[in-house]
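Chemist: got a sequence here, can you build the structure:
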Amino acid sequence: MHRFGFVWGAAMALVALNSPATSFMPSFSPQQLRSASPLLMVPVSSALDLTTQQETMSLAKRYVSLGNSVKQQLGPADFRVLEEELAEDFEFVAPIVGPLKKSALVEASKGLDFGAAMPDFDARYHDWRPDSDDPRRVWCSMRVTATQTGPLAFGGMTKLPQVPPAKVESPPEAVSFRFDEKGKLREITTGYVMDRRVGNTGGLGGVFGIFEAIGSPLPSPLTRTTGELLAPLMRLVGVAPPKPDPSLLQVPKLSALGGALPEGELLRLTQQLLDSNFRDESLLAPSFTYTGPVVGPLPKAAFVAAFSSYNPSEAFPDLDYQYRDLRACSFDTNRVWYTSSPQGTHTGRLVLPGGASHEATGRVWASPPECGSAQFDSEGKCVGLTGGYVMDRRQGNTGGLGGVFGICVALGVKPPFPVFLLRTLAQNVASLQESVFGKK
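Modeler: Numbers count the residues shown, from 1 in each chain. Predicted coordinates for the structure are as follows:
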């Protein structure tokens, strides 16, 4: 089978794949390609209920264990079990496509057999934790590993295994499950990469990453940002930074860190770093780097120079980062993950990294939940910081963007570079369709 024909056909159904998934454009309306569009509202509870939280956690762990022929995947592979488990108003929400309805997920699951194609497929769910606002929602992280030893049938196509077999190691991804009052699964969010440096998928999550790793990448206009596609030309004319050193796009291993630290000490060091607003240069190791979804890796000198003038606390006097869920990483030595949802009112002059400034607008910046992490060497110095990785694009008022770019969208001010460069070509086309033809 012609390779492009396979990947295009697979892409036509991939969003509802019964495994970690980000998704794709051609067979969906602009209303389903939301990340460049007005945000959807996420229901939240006014008060937390511990009993409901515990019940929800049990429901989520039960769901991911149902009917799997592999160690762990995103719920039951049997479409009949899905029909029973999903609420009638179920929605599947990934970084690009969604919400998708129950019928789409059920239909796409028919004929999909990870047990035959990747019998060692393991989503490696970990870090289960309740949502901070909704007792019927729980979060976890996953880091998929798999080896393709058999044919992978999906979307009417079949991908045969390579010799030697291709291995998959996905980056960590944020996943959430929301249940209704009857215990039916109301919503899944998945495919939100937490660190693009990890794994062998080129920083892609979900099915995009799986196909990338097994040697059948989906068309780049569906998976890569416009900025990534234009980067060679932009470098040629001097408007983009040079390609980063590949060694910086790796998470430091134990040997490079000098030894492991106790969990309590790691949590203390991370809290110290957060309390400093990343302004205390003495907390950073000489080998420090900062990496976001788009920005970086920035070495220590570049990070300090870029952020030395950045003044969010003065621009947003009521700023609350809402840091939570600090936890030691189960896989990377001396690493701590955390969640934040910054919110504040722009009543002071804002100076962005790089020096651009904007007078007070009076607008509110409400970020989606973002995932960040800090990693330390054996002396307690921070060797790596990540941030700006959005976990649910529908929340907040930033158009689904995190970090500085999200601030600019929320305030309606000029970002460091055009936002369309942060979207895939598919997203930009969908956004153009909405602006020209309107919402149907």
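
Chemist: grab the nearest non-local neighbour of Val70.
Modeler: Setting aside the residues directly before and after it, Val70 is nearest to Phe121 in space (C-beta to C-beta, 6 or more residues apart in numbering), at 4.1 Å. In this view, the C-beta of every residue, glycine as well, is placed from N, C-alpha and C.

Chemist: ok, now which ones touch that neighbour?
Modeler: Neighbour list for Phe121: Ser19, Val70, Lys71, Gln72, Gln73, Phe114, Gly115, Val144, Thr145, Ala146 [criterion: C-beta atoms under 8 Å, 6 or more residues apart in numbering].

Chemist: which non-adjacent residue is nearest the third one?
Modeler: Spatial nearest neighbour of Lys71, chain neighbours left out: Asp122 (4.3 Å); criterion: C-beta to C-beta, 6+ apart.

Chemist: next, that neighbour: phi, psi?
Modeler: Backbone torsions of Asp122, given as degrees, to the nearest 10, read phi -140, psi 120.

Chemist: my read: it touches Thr147, true?
Modeler: No: under the criterion of C-beta atoms under 8 Å, Asp122 lies out of contact with Thr147, with a separation of 10.2 Å.

Chemist: which stretches in the stretch 201-350 of the chain count as strands?
Modeler: Counting by DSSP state E, counting those that start in this stretch, the segments of the stretch 201-350 of the chain that form strands are 284-291, 298-299, 324-328, 335-340, 343-345, 350-351.

Chemist: just say which of the ones you listed is most tucked in.
Modeler: Per-stretch averages of neighbours, counted by mean count of other C-beta atoms under 10 Å, single out strand 335-340 among the strands of the stretch 201-350 of the chain, with a mean of 22.

Chemist: need the residues that contact that strand.
Modeler: 127, 132, 141, 194, 251, 266-267, 269-270, 274, 321-329, 367, 369-376, 384, 391.

Chemist: quick one: buried ones out of the residues you listed?
Modeler: If you count burial by 16 or more other C-beta atoms under 10 Å, the buried members of those come out as 127, 132, 141, 194, 251, 266-267, 269-270, 274, 321, 323, 325-329, 367, 369-376, 384, 391.

Chemist: of all the contacts of Phe121, which comes closest to Ser287?
Modeler: Proximity of those to Ser287 (C-beta to C-beta) peaks at Thr145, which lies at 27.7 Å.

Chemist: how about the backbone phi and psi for the closest one?
Modeler: phi -130, psi 150.

Chemist: okay, now Glu169: neighbour count?
Modeler: Other residues within reach of Glu169, judged by other C-beta atoms under 10 Å, total 14.

Chemist: and if you look at Phe90?
Modeler: Applying the criterion other C-beta under 10 Å, we find 23 residues in the vicinity of Phe90.

Chemist: from Ala213, how far out is Gly205?
Modeler: Between Gly205 and Ala213 the distance is 11 Å, computed by C-beta to C-beta, to the nearest Å.

Chemist: then Ala315?
Modeler: Counting by C-beta to C-beta, the separation of Ala315 from Ala213 is 41 Å.

Chemist: check Leu233 too.
Modeler: When C-beta to C-beta is applied, the distance between Leu233 and Ala213 equals 27 Å.

Chemist: those two: which is more packed in?
Modeler: Regarding Leu233 and Ala213, a neighbour count based on other C-beta under 10 Å identifies Ala213 as having more, with 23 against 10.

Chemist: quick one, what contacts the more buried one?
Modeler: Applying C-beta under 8 Å, 6+ apart, we find Ala213 in contact with Ala166, Lys167, Val168, Glu169, Ser170, Gly199, Asn200, Thr201.

Chemist: the fourth one touches Val144, doesn't it?
Modeler: The one in question is Glu169. Yes: in terms of C-beta under 8 Å, Glu169 counts as a neighbour of Val144; the distance is 7.5 Å.

Chemist: now, which of the contacts of strand 335-340 lie within helices?
Modeler: Within those, membership in helices is found for Leu266, Leu267, Leu269, Thr270, Leu274, as judged by DSSP state H.
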